[in-house]
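*Asks:* Predicted coordinates and the sequence they were generated for:
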Amino acid sequence: MIKKVKIQDMEVEYEVFHRKVKYTRLEIKTDKLRIIMPLNYNKDEEIIKKHEKWIYKKLNNIKRSEKEADNKELNYLLTETEFRDIVLLYIENLSNNLDVKVNKIYFKWMKTRWGSCSSKKNININNYLIYLPTYLIEYVIFHELTHLVEMKHNNKFWSIIAGKYPNYKKMEHELLIYWLLIRKNFALEQ
């Protein structure tokens, strides 16, 4: 069930999900707040109040990014074959650079992420990357391959990313802008 709450000058929609988790966590992918809470724990308003500044900051960033997305265009020049060849070449070169081995590579249409990496060393690549500039495709692949060195988004992980991409925060921001553009152009629901 979608609920609403007012945070400063903003009305925020949110959903609560109860799962077998130990701690509550907040997620904001694009425009909706998701609260994942332990089973039988129902203090969503208290959690929102506690993290109000963080939620407001994240949602404001998304609003600014939506405006920036109006000034970007998707790349429709790559064929599917060219895209896959570029991805495979990046994976080969960057995995050598990181000294990691990939088990399998899968291409999928994903609604919530650019890519993923499993503990079995499988890499999933979102087909929507075909519409991004190649430097962002390369960055996403490096990001996923870095998970073969460090699975969590911790200091070690971001240190490895920063070693190749000192401007990684800018890259992450561009990925958000392009995600909003993809979502708008392909009418994706999250």
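*Replies:* Cool, got the structure.

*Asks:* what's the span of stretch 13-26, first residue to last?
*Replies:* With C-alpha to C-alpha, to the nearest Å as the measure, the ends of stretch 13-26 fall 13 Å from one another.

*Asks:* Buried residues, that stretch. List them.
*Replies:* 14, 16, 24, 26 (16 or more other C-beta atoms under 10 Å). Where C-beta positions appear, they are placed from N, C-alpha and C, glycine not excepted.

*Asks:* One more: stretch 141-150?
*Replies:* Those would be 141-148, for stretch 141-150 by 16+ other C-beta under 10 Å.

*Asks:* got it, and stretch 46-56?
*Replies:* Neighbour counts using 16+ other C-beta under 10 Å place 47-48, 51, 55 of stretch 46-56 among the buried residues.

*Asks:* Let me have those residues in TSV, adding secondary structure as columns.
*Replies:* TSV is the format used below for the buried residues of stretch 46-56 (DSSP: H, G, I helix; E, B strand; the rest coil):
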residue	secondary structure
Ile47	helix
Ile48	helix
His51	coil
Ile55	helix
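
*Asks:* Name the nearest residue to the spatially most central residue of the chain, ignoring sequence neighbours.
*Replies:* When C-alpha atoms, centre = their mean is applied to the chain, the residue found nearest the centroid is Arg113 (4.6 Å). Counting by C-beta to C-beta, 6 or more residues apart in numbering, Asn126 is the residue found nearest to Arg113 once chain neighbours are left out, at 6.5 Å.
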